[in-house]
Every structure is written in C-alpha cells, then in structure tokens.
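**Q** Next comes the sequence, and after it the predicted model I'd like to discuss.
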Amino acid sequence: MGPIARVFHHSAKPVSLLEFTDALQATCPRLHPRARHSRHRTIGLATSGGVDSMALAYLFSLLRTQNPTFLIGDSPCSDVTAMVIDHKLRPNSAQEARAVVAELGKMRHISPRVLELNWGDVDPLTLTNLETAARRLRYRLLGETCAWGNIDNLFLGHHADDMHETVLMRLLGGHPARGLAGMRRSNDIPECYDMHGAYQSGFVDQMAGKRPPLTYNIRRKEAHGLRRDLLSDMRPQLRVPIDDRLSYLDVKPRPPPEDHENYTYEEGYDDLIEEWGGETPRSKEKPELDQLDTEDGGVRICRPLLDFEKDRLIATCEQNGITWFEDPTNADPGLTTRNAVRHLVRNHELPEALRRPAILRLAERVRERVQGEEEEARQLLLERTNVLDFRTNAGTLEVEFPDLHPGEDLERNRTVAALLVRRIIEVVSPETHSPALPSLQGTVSRLFPRLATPAHPTSQPASFNIASVLLSRLPDGSSSSSSGAGAARWLLSRAPYPAPNPLPEAHYFQAKGFPHHGHGVVRMKPRWTYVRKKWRLFDGRFWVLLRLRIPGRFTVAPFRPEHSKAFKAALGREERERLEALLVGHAPGKVRYTLPAVYYDGVVDLEGDGGGTVPGRGGLGMMVALPSLGVHLPGLEKLMTYEVRYKKVDREILEKCHMSVL
C-alpha cells in the first residue's frame with residue numbers, strides 16, 4: 001500500500017462543505033428529539049487510508065473547524081477519532097498503518113490511532129473464509145473501541161461506486177427485490193450483538209453517569225428567560241408597577257410524574273366519579289413487580305458519502321492536498337467477489353441497464369417502495385394494533401392484531417402485514433437477525449386469515465413457533481385490556497429450548513480469594529469489596545451484571561425444573577409465596593423455564609456458620625437467584641448483587657405500552 005501521486009481530475013467537482021452537511025443531516029437524524037440539551041461528543045471514523053476515508057476525514061476536519069456546534073445526531077462534535085485497522089495480513093502492514101496515521105495527524109481536530117487485529121493462534125492466510133473472519137474481527141474491534149470511548153456514531157467512507165458494486169453483487173447473488181435497495185445510510189453496528197455499549201445498549205449507564213450526554217430539564221438560565229418573557233407579556237395588563245407586585249415570580253420546571261401509568265386521582269376524585277356516571281376511570285394498581293429497564297443506545301454506523309461518486313472524492317483530496325493510499329489487494333479480481341465486480345465495472349463496457357446511473361436509479365426506486373411499505377406497517381402498528389401487555393421481567397407480549405382485508409394489492413398487503421409481524425416479534429425474539437419476510441408468509445396467513453393465498457393457506461393452530469418465539473392464541477375474554485373488537489389476541493413468549501441444542505449460558509468468574517491448589521475452604525473477608533463484572537447478554541434478551549464478593553464460577557442459565565424444589569425450600573415462607581405469585585402472574589406454564597437464573601458452582605454458607613464457601617465441583621451448581629423477578633436466597637446480597645435489563649425495544653411499541661422512553 002503506497003501513496004497516490006496527485007493527478008488532477010478537472011471533470012469532477014470536489015465535495016463542498018454545504019453538500020457534506022446536508023448529507024450528514026440526512027444520514028444522522030436525531031434519535032432523542034425530546035432532549036433539551038446535549039454535551040459535545042467524540043465521533044469515530046473507520047479509516048483505511050483510501051481516498052474515500054481520507055476525504056471523509058478532511059471534510060469532518062473542515063466541518064469541526066468552521067462549525068463546532070453542528071449537531072451530529074443528538075450532539076455537537078468535540079473530537080474526531082480516526083481508527084486505522086492493522087489487519088496483520090502483510091509483513092509491512094504496521095508500517096502502512098503508521099503512514100496513514102501520519103497523514104491523518106496533519107488534519108485539525110482529527111485524533112488518529114492504530115487498532116491491531118488479534119488473530120490469536122490462527123494463521124489468517126490459511127482461512128478459507130478470510131474475508132468474513134476479518135470483517136467480524138474488524139467490526140468487533142471497532143465496536144469495543146467505540147464503547148470504551150463513549151462514541152455513538154461511527155462513520156464509514158462508502159460512496160456511490162460502492163453502492164453500485166453492492167447492488168450488482170446482490171443481482172448476481174439472486175437476492176430478493178428488497179435487497180436491491182443497497183446499503184443503508186445508517187444502521188446498528190454488526191457483529192457486536194453480545195457487546196454491551198456497542199450494540200443497542202449502554203445509554204442507560206450513560207444517562208445515569210455524572211455527565212449524561214443529554215438532559216431533558218429546563219436550565220436555570222432558560223427559566224429566568226421564561227420569567228422575563230412572561231413578565232414582559234403581563235406588563236401592559238398590570239395596574240401597578242411590576243416590581244411592586246411580581247418581583248417574587250419565578251419559573252421552575254415541573255418534572256412529570258415518575259410513573260404516569262400508576263398515577264392516582266386525589267383532588268376531585270368523587271366529582272370525577274359522579275361525572276362519569278358512578279363509574280371509576282380505568283386505573284392500574286401498583287404492579288407487584290417493577291418492570292425492568294430496557295436498554296438503548298449502542299454504536300450507529302453512518303455512511304454520509306453514498307450520494308458522491310469516487311471521482312468527486314478524488315477531486316476533494318487533490319484540491320486540498322490530501323494524500324491517500326491504495327491497497328493492492330483491492331485490485332486482485334480473484335481475491336473476493338467485490339474485487340471481481342469492481343474489475344468488471346472498470347474494465348468492461350457494461351450494458352446500459354447495469355451501469356452506475358441505471359443501477360443507482362433502480363436502488364432508489366426500491367428504497368422508495370420499501371420505505372412506503374414500512375410506513376404503512378408503522379401506521380398499522382400505531383393506529384390499529386393493540387399492544388395490551390408487555391412484561392419485561394419475563395419477556396412476554398400480549399397483542400391484538402388488526403383484522404386486515406386483502407384490498408386491491410394482496411401481495412403488497414401481505415408484505416406490509418409481514419413487516420408489522422416482524423416488528424412485534426423482534427420484541428420477544430432472542431435471535432440476532434430479524435426473520436426474513438419470506439419466512440413470515442405462513443405466519444401472515446395464520447394471523448390474518450383474510451390475506452391467505454393458495455400458496456399459503458390459512459390455519460388456526462392454538463400455538464406455533466417463528467424466530468424462536470412461541471405465539472399462543474388467547475381465548476376470548478382472557479385479557480382485561482381487550483378492546484372488545486373481536487380480533488384475535490396472541491401471547492408472544494420465548495419458545496421452549498429445543499432439546500438437542502445447548503442451553504444459553506453467560507459465565508462469570510471471580511478469582512480473588514480462591515484457594516491455592518484447587519482445594520480448601522474459601523473464607524470471605526469482611527473488608528472485601530464487590531468486584532463489578534461486565535454486562536453479559538443472556539439468551540439474546542436479558543443483559544445481566546453481577547457484582548461479586550465471593551470467589552468461584554457463576555453462570556446465568558435458564559431456570560431449570562430440577563432446581564426449583566431446592567431453591568424454593570431455601571426461601572422463607574413469605575418469599576416462597578411471593579415467588580409462586582410472581583411465576584403465576586408473570587411467567588405462567590413453560591414461560592418460567594425461559595427466565596434467567598443465577599447458579600453458583602460451589603456450596604455457599606449464607607448463615608455464616610461455616611465461615612465461607614467450598615470450591616465448585618463442576619456442573620451448574622446451586623441456583624441462588626431469579627434476577628429478573630428480584631428473588632434470591634436470603635443473605636445472598638452479602639456475597640453478590642445483580643442487575644438485569646431487557647434488551648432494546650422498539651420505542652413506538654414502548655409508547656403504546658405507556659412505558660418510559662428517553
């Protein structure tokens with residue numbers, strides 16, 4: 001990889017700062033529009049040294065210099081971290097990475113750093129899936145770096161030529177029509193599904209920190225401004241000098257009720273009942289179990305250059321004296337499919353329908369159609385779908401789907417219905433990838449009988465599985481929240497674990513205080529503090545954090561029937577009765593056996609008579625807690641604490657459940 005000599009392309013126009021800011025606004029819309037204030041945040045650039053990423057770095061340097069308060073997502077940009085990946089695939093790869101860092105270091109507000117891929121004991125050049133393996137390691141390294149650096153937006157230099165190649169590759173691969181929309185302008189970072197802070201998580205911790213990135217309250221300066229405006233508006237109507245009567249007037253923000261769903265009427269309650277004809281308004285008593293927090297945040301991948309051809313990026317670098325570097329492996333047509341397509345595009349006369357303008361127009365038409373279908377599904381969710389009950393503690397969702405009619409375009413209506421079903425299923429599914437629309441065609445016929453086709457006839461099973469979600473039809477009148485419209489109601493829960501497959505597990509190990517030579521009694525010392533472990537994702541649904549004062553191996557695994565009796569017997573009578581009530585109310589039937597449970601591989605002396613613990617002997621060990629229900633063995637808090645959150649959930653579904661959304 002070496003620097004490219006500057007050859008001026010007079011036919012191509014450099015990308016202007018105005019064009020770039022417009023592209024940024026289209027690529028990075030605000031995710032939290034209700035926030036009143038935001039702190040400056042660092043953004044990330046994945047920089048290969050090619051002309052696309054070097055042009056992107058230069059444009060960000062220019063933007064940060066000329067407009068430091070420009071919003072990127074929800075926050076202004078404080079600094080730009082350019083991450084250069086050393087793939088360790090060539091002997092001189094480290095030198096090449098340093099050369100890119102040196103060039104980036106010449107730009108204002110750009111902080112470059114080299115990230116080295118760790119292949120472990122594997123020789124990457126012997127891998128048959130080298131491209132896939134390198135992509136996974138690269139994204140995980142970028143995700144980890146962004147999570148540690150509190151970076152929520154990671155920018156890539158993909159451009160219009162890359163979009164052309166991507167759509168051609170999908171045409172050659174026989175992708176469904178929706179795949180021809182090409183690359184998304186923004187999406188969650190891939191390959192990091194189990195990394196807290198990188199994938200759809202971390203925002204709760206950020207907001208609870210000492211310097212939250214967003215605030216929703218009115219600041220004192222704003223309050224004083226509102227006071228002045230109010231007094232100014234009132235002055236003409238006052239008969240006395242304003243300073244004599246209203247000098248004490250102040251404006252203070254009034255926070256919303258902490259739990260608007262459990263709000264109770266106090267003043268005027270009897271009058272309200274009388275006004276309603278003796279009927280009390282619908283109210284909810286305080287639930288016996290608080291809902292878990294739902295995660296949010298993570299790293300967003302952004303591609304602001306998709307509307308710009310590579311020639312324009314070259315012109316941008318040439319005009320501003322930016323050196324870039326070419327990777328010789330990108331020119332080898334036999335190395336990857338993308339290289340072969342790139343060679344075909346650059347060295348052959350393609351038919352008009354396969355050239356860049358035609359392919360990009362095709363992708364735009366497909367995107368417009370896809371966006372139209374997704375908007376129809378959104379309206380179905382907001383206006384005609386009843387989300388009756390969502391229990392984060394067990395990961396169950398009760399839904400009343402609308403009664404859909406085939407209309408004039410049955411195929412489109414089935415696609416819209418499948419999009420609606422997918423949004424609902426994603427709330428409960430443990431799978432990292434959403435189900436493909438073709439796989440939902442049978443589900444559409446079951447949930448919407450009027451949309452059935454000869455290829456996908458309707459059926460009325462009591463329950464069925466899709467995407468590891470069990471959909472169970474509820475009998476009429478089984479929901480106290482029913483709208484009474486006669487539409488079918490369904491309970492969505494995690495499907496029982498298939499017998500041949502291994503059960504999901506998350507492991508934690510605490511070495512401090514463990515006896516030497518693998519034997520002897522562990523004696524916990526009173527001065528020991530809790531050791532905070534990493535958040536780990538259990539079963540694709542629950543984020544679990546343990547803080548340990550006791551050495552040994554802890555495992556989060558499903559609640560198993562064989563552990564139920566011993567666990568209940570160890571609880572006090574009141575706590576045992578509470579557990580039974582929670583299981584009946586929140587996790588009935590087999591749902592309870594999909595709940596996360598904490599196991600300790602050892603013998604715990606919770607009363608303190610034995611002075612400590614005995615090292616584990618293999619297996620899951622003893623069940624000590626059902627963390628999502630808040631039930632644990634008495635005295636366990638002396639040895640460990642836990643925290644549980646549910647995965648990120650569609651905000652519009654949360655709003656339909658009257659759950660808080662930041």
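**A** Everything's here; your move. Numbering: from 1, shown residues only.

**Q** Return the list of helices and strands in contact with the longest helix seen in the chain.
**A** Ranked by residue count and defined by DSSP state H, the top helix of the chain is helix 356-384. If you count contacts as 3 or more C-beta pairs under 8 Å, 6 or more residues apart in numbering; DSSP states H and E, helix 356-384 packs onto helix 160-172, helix 410-428, helix 651-656. The C-beta positions use only the backbone N, C-alpha and C, and glycine is treated the same way.

**Q** could you dump those to CSV with mean neighbour count?
**A** Shown next, in CSV, are these (neighbours: other C-beta atoms under 10 Å):
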stretch, mean neighbour count
helix 160-172, 20
helix 410-428, 21
helix 651-656, 16
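
**Q** how about those in TSV, adding distance to residue 547?
**A** Below are the helices and strands packed on helix 356-384 laid out as TSV (distance: least, C-beta to C-beta, whole Å):
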stretch	distance to residue 547
helix 160-172	45
helix 410-428	28
helix 651-656	28
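
**Q** of those, which approaches residue 205 most closely?
**A** The closest of the helices and strands packed on helix 356-384 to residue 205 is helix 651-656. By C-beta to C-beta, the value is 18.4 Å.

**Q** Could the C-alpha coordinates of that closest one be exported in PDB?
**A** Taking Å, rounded to 0.1, in the frame of the first residue of the first chain, the C-alpha atoms of helix 651-656 are listed here in PDB:
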ATOM      1  CA  ARG A 651     -39.700   2.900  21.000                       C
ATOM      2  CA  GLU A 652     -43.200   3.100  19.400                       C
ATOM      3  CA  ILE A 653     -44.100  -0.200  21.000                       C
ATOM      4  CA  LEU A 654     -42.900   1.000  24.400                       C
ATOM      5  CA  GLU A 655     -45.000   4.100  24.000                       C
ATOM      6  CA  LYS A 656     -48.100   2.000  23.200                       C
END
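
**Q** gap between that helix and the chain center?
**A** What separates the centre of helix 651-656 from the centre of its chain is 15 Å, taken as C-alpha atoms, centre = their mean, to the nearest Å.

**Q** Name the SS class of residue 89, please.
**A** Three-state assignment for residue 89 (DSSP: H, G, I helix; E, B strand; the rest coil): coil.

**Q** Now do the same for it: its pLDDT.
**A** Looking at residue 89, its pLDDT is 88.

**Q** Distance-wise, check it relative to residue 351.
**A** For residue 89, the distance to residue 351 equals 35 Å [C-beta to C-beta, to the nearest Å].

**Q** Please apply the same query to residue 547.
**A** Noted for residue 547: a distance of 63 Å to residue 351, by C-beta to C-beta.

**Q** These two: which is more packed in?
**A** Taking other C-beta atoms under 10 Å, residue 547 and residue 351 do not tie; residue 547 has more neighbours (17 against 7).

**Q** Which strand residues bridge that one?
**A** residue 532, residue 641 (DSSP bridges).

**Q** That one contacts residue 638, correct?
**A** No - with contacts counted by C-beta atoms under 8 Å, residue 547 stays clear of residue 638, the gap being 11.8 Å.

**Q** right, and the helix or strand after the worst-scoring helix or strand of the chain on mean pLDDT?
**A** Between all helices and strands in the chain, the lowest mean by mean pLDDT, DSSP states H and E belongs to helix 269-275, at a mean of 35. On the C-terminal side of helix 269-275, the closest following helix or strand by DSSP states H and E is strand 300-302.

**Q** by contact count, what packs against that following strand?
**A** In terms of contacts (3+ C-beta pairs under 8 Å, 6+ apart), strand 300-302 is packed against strand 153-155, strand 186-188.

**Q** Could you give the separation of it from the chain centroid?
**A** 12 Å.

**Q** The spatially most central residue of the chain is in what secondary structure piece?
**A** In the chain, the C-alpha nearest the mean C-alpha coordinate belongs to residue 200, at 2.0 Å (C-alpha atoms, centre = their mean). Assigned by DSSP H and E, residue 200 falls within no helix or strand.

**Q** between the helices and strands packed on helix 356-384, which gets nearest to residue 32?
**A** Proximity to residue 32 (C-beta to C-beta) singles out helix 651-656 among the helices and strands packed on helix 356-384, at 9.8 Å.

**Q** ok, residues contacting the closest one?
**A** 294, 378, 381, 382, 385, 387, 390, 423, 424, 427, 660, 661 (C-beta atoms under 8 Å, 6 or more residues apart in numbering).

**Q** mind checking the longest strand of the chain?
**A** In the chain, taking DSSP state E as the definition, the longest strand is strand 75-86.

**Q** That one - contacts with which helices or strands?
**A** Strand 75-86 packs on strand 41-47, helix 51-66, helix 93-104, strand 110-116, helix 130-148, going by 3+ C-beta pairs under 8 Å, 6+ apart.

**Q** ok, residue 542 to residue 208 distance?
**A** Relative to residue 208, and taking C-beta to C-beta, residue 542 is found at 19 Å.

**Q** what do you get for residue 465?
**A** 37 Å.

**Q** go on, residue 71?
**A** Separation of residue 71 from residue 208 (C-beta to C-beta) stands at 23 Å.

**Q** Of those two, which one has the most company?
**A** Applying other C-beta under 10 Å to residue 71 and residue 208 shows that residue 71 carries more neighbours, namely 15 against 9.

**Q** that older thread, quick check: buried residues in the longest helix of the chain?
**A** Taking 16 or more other C-beta atoms under 10 Å as the neighbour-count basis, helix 356-384 is seen to contain the buried residues 356, 359-360, 362-363, 366-367, 370, 373, 376-378, 380-381.

**Q** got it, and stretch 290-305?
**A** 291-305.

**Q** Endpoints of it, how far apart?
**A** 45 Å (C-alpha to C-alpha, to the nearest Å).

**Q** can you check stretch 492-501 too?
**A** End-to-end distance for stretch 492-501, by C-alpha to C-alpha: 21 Å.

**Q** closest to residue 499 among the buried residues of stretch 290-305?
**A** residue 292 (28.5 Å).
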